[in-house]
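Visitor: Any chance you could fold what I've pasted below:
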Amino acid sequence: MAGIAAWGAYAPRLRLSRKAVTEANAWVAPNLKAKGKGERSMANWDEDALTMAVEAARDALGPDDDRSHIDSLYFASTTAPFADRLNAGIVSAALTLEKSIAASDVTGSQRCGLTALSQALAAGGTSLVAVGEHRKARAVSAQELDFGDGAAAFVVSDGAGAAELLGRGSVTDDFVDHFRGDDGGFDYYWEERWIRDEGIVKLVPPAIRKALETAGLNAADVDHFCFPSTFAGMAATLAKSVGIKPEAVRDNLAAVMGEAGCAHGPIMLAHALEDAKAGEIILVAQFGQGAEALVFRATGVGRRPARGVTGSLADRQEETNYLKFLTFNGLVEWDKGMRAEKDNKTALTTLYRNEDMILGLVGGRCRETGVVQFPRTRISVAPNNPAVDTQEPYRFAERRASVLSYSADYLTFSMAPPNHYGMIVFEGGGRIMMDITDVAPGDVETGLPVRMVFRIKEVDEKRGFVRYFWKATPDRAAIASQTAQAAE
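Guide: Next up, the predicted model:
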């Protein structure tokens, strides 16, 4: 028996208004006006597939520092930042997983998220599956409006957990509905009717039927059917073709998020787990050079995420600046000014020697005095007791924190000016000078509760290297709680 013990999800806070996009492009593409409803999730400039997967994984794992129970890690994405570097290794370091775990990248198809989940379920043991996607689309394209950014994560165990795996089915066929070359550019799409009628309609049902057959179930037994597609009514068409009742078809979140590529099937599964009652059957399928389908039975037990899909979607900020979206996605070449003219070469030796500090935000705690510090050094900063070699690793990423002092700086270069940064103090001790992200002028003040998020620090465009670190962002759940308590 294998199943999903816990799950999590992440959607960027920014939500691009589709109306703003269609109005900006009406002069050249009036035909897109019909797509100008709702909004799509929009990654901030310092977010990518990997950082979003880390946030979803943190949601699934919870705030517990002990993650030694994770035996293996699967990171799935078709937009991973590195073509030749173990992206899962970066995820593992950010989550401070054990060095002894097995880690792998799964990619190459829009169904790779479900493929990774299927592989983890078949492997046995306790695994973490993290799926993130941040696809670029050409300006003034339908994909620009249809796509969305996001991530999901699952902790898979040998027990039934929150959802017991009942069956799986897959079809592999090199049906090319779209492709992207190794230049890392944009997807090239074929004609929609061909994709729909020859691809999805013919390749997905066999995978669904196989999954139901191995589960010993009929299509009518399905209570939640998850199938992502940018084609309106596609999930309902598939449900009818295999005998799934119409009311089982779940909302694909197109109006509030868009389609998050290989992460969208897992996101819809995570959303279904939030709603499913004990005993209900969940079927999730996704198309991509064939199809993948998984069938689960919800148990009504297991740890629920702090945010999940519902919480992530609720934490939103409307963005109507289409030019900002283009800039964040590298679709506009702009003059960054002289202050941006610096070499961002990363010292790989320093990165390796300080990996837990840089990627895991691990500082030190003196065993003799209990004084906490960042960075960890051989000599303790404890007043009147500069003990040597007494520090043990101390994780900051899940600690509560607040702003001690801050600056909103228009003079230094920033992708989203002003550049917010400040001194962050942590409960239990320790303080770090950090960037503050996902804020606008006026959002930051002394005493503001913040939480840590894993983000892009800088990009070495010359060599194609992405450097990651942690940043502070307003802890809006804590702020809302404080506001409610003050009102009482």
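
Visitor: Quick check: Gln286 vs Gly8, distance?
Guide: According to C-beta to C-beta, to the nearest Å, Gln286 stands 19 Å off from Gly8. Where you see a C-beta, it was placed from the backbone N, CA and C, and this is true even at glycine.

Visitor: Likewise for Ala26?
Guide: In terms of C-beta to C-beta, Ala26 sits 39 Å off from Gly8.

Visitor: which of these two has more neighbours?
Guide: When neighbours are counted by other C-beta atoms under 10 Å, Gly8 comes out ahead of the other of Ala26 and Gly8, with 28 against 13.

Visitor: While we're on that one, how confident is the model there?
Guide: On the pLDDT scale, Gly8 is placed at 98.

Visitor: unless I'm mixing things up, it is touching Ala152, no?
Guide: Yes - if you go by C-beta atoms under 8 Å, Gly8 and Ala152 touch, sitting 7.1 Å apart.

Visitor: intersection of neighbour lists for those two?
Guide: Common neighbours of Gly8 and Ala152 are listed as Ala56, Ala270 (criterion: C-beta atoms under 8 Å, 6 or more residues apart in numbering).

Visitor: and Gly3, backbone torsions?
Guide: Gly3 has phi and psi values of phi -170, psi -180 when expressed as degrees, to the nearest 10.

Visitor: quick one: contacts for it?
Guide: Leu121, Val156, Ser157, Gly159, Ala160, Gly161, Ala162, Ala163, Glu164, Leu165, Phe296, Thr299.

Visitor: Give me the distance between it and Pro383.
Guide: Distance, Gly3 to Pro383, by C-beta to C-beta: 51 Å.

Visitor: ok, now Val309?
Guide: The spacing between Val309 and Pro383, counted by C-beta to C-beta, is 47 Å.

Visitor: Pick out whichever of those two has more residues nearby.
Guide: More neighbours surround Val309 than the other of Val309 and Pro383, with 28 against 8 (other C-beta under 10 Å).

Visitor: Ile358 contacts Tyr352, doesn't it?
Guide: No - taking contacts as C-beta under 8 Å, Ile358 lies outside contact range of Tyr352: 9.5 Å.

Visitor: neighbour count winner among these two?
Guide: Neighbours per residue, other C-beta under 10 Å: of Ile358 and Tyr352, the larger number sits with Ile358, 21 against 9.

Visitor: which element is the more buried one on?
Guide: Element membership of Ile358 [criterion: DSSP states H and E] is helix 355-360.

Visitor: Break the chain into its domains for me.
Guide: 3-328, 338-361+396-487 (automatic domain parsing).

Visitor: Any idea how far the last one is from the middle of the chain?
Guide: In this case it means domain 338-361+396-487. On the basis of C-alpha atoms, centre = their mean, to the nearest Å, domain 338-361+396-487 sits 18 Å off its chain's mean C-alpha point.

Visitor: Let me know the average pLDDT across it.
Guide: Computed over domain 338-361+396-487, the mean pLDDT rounds to 94.

Visitor: what about it, how long is it end to end?
Guide: Counting by C-alpha to C-alpha, to the nearest Å, you get 48 Å between the two ends of domain 338-361+396-487.

Visitor: Offset the numbering so it begins at 821, please.
Guide: Done: numbering now begins at 821, and the last item shifts to domain 1158-1181+1216-1307.

Visitor: check contacts around Gln963.
Guide: By C-beta under 8 Å, 6+ apart, the contact list for Gln963 reads Arg955, Ala957, Asp1007, Tyr1009, Thr1050.

Visitor: from what I can see the last one touches Leu1073, true?
Guide: Meaning Thr1050. No - the pair Thr1050 / Leu1073 is not scored as a contact, 11.8 Å apart, by C-beta under 8 Å.

Visitor: Between those two, tell me which one has more neighbours.
Guide: More crowded of Thr1050 and Leu1073, by other C-beta under 10 Å: Leu1073, with 23 against 18.

Visitor: Which strand or helix spans the more buried one?
Guide: Going by DSSP H and E, Leu1073 is not in any helix or strand.

Visitor: Quick one, grab the pLDDT at it.
Guide: So Leu1073 comes in at 98 (pLDDT).

Visitor: Compile the domains of the chain into a markdown table and extend it with columns for distance to Gln1193.
Guide: Putting the domains of the chain into a markdown table (distance: least, C-beta to C-beta, whole Å) gives the following:
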| stretch | distance to Gln1193 |
| --- | --- |
| domain 823-1148 | 17 |
| domain 1158-1181+1216-1307 | 6 |
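
Visitor: Deepest in the core, which of those domains is it.
Guide: Most buried of those by mean neighbour count (mean count of other C-beta atoms under 10 Å) is domain 823-1148; its value is a mean of 21.

Visitor: Just say helix, strand or coil for Gly1183.
Guide: When classified by DSSP: H, G, I helix; E, B strand; the rest coil, Gly1183 comes out as strand.

Visitor: Is Val949 bridged to anything, and to what?
Guide: Here Val949 sits in beta bridges with Tyr894, Phe974, going by DSSP bridges.

Visitor: pretty sure it is touching Leu937, no?
Guide: Yes - between Val949 and Leu937 there is a contact at 5.0 Å, judged by C-beta under 8 Å.

Visitor: Now the common contact residues for the two.
Guide: Residues touching both Val949 and Leu937 (C-beta under 8 Å, 6+ apart): Tyr894, Phe974, Val976, Pro1086.

Visitor: I'd like to know which elements the strand or helix carrying the third one is packed against.
Guide: Meaning Val976. Val976 belongs to strand 970-977 when assigned by DSSP H and E. Judged by 3 or more C-beta pairs under 8 Å, 6 or more residues apart in numbering; DSSP states H and E, strand 970-977 is in contact with strand 823-830, helix 869-881, helix 932-943, strand 947-953, helix 1084-1095.
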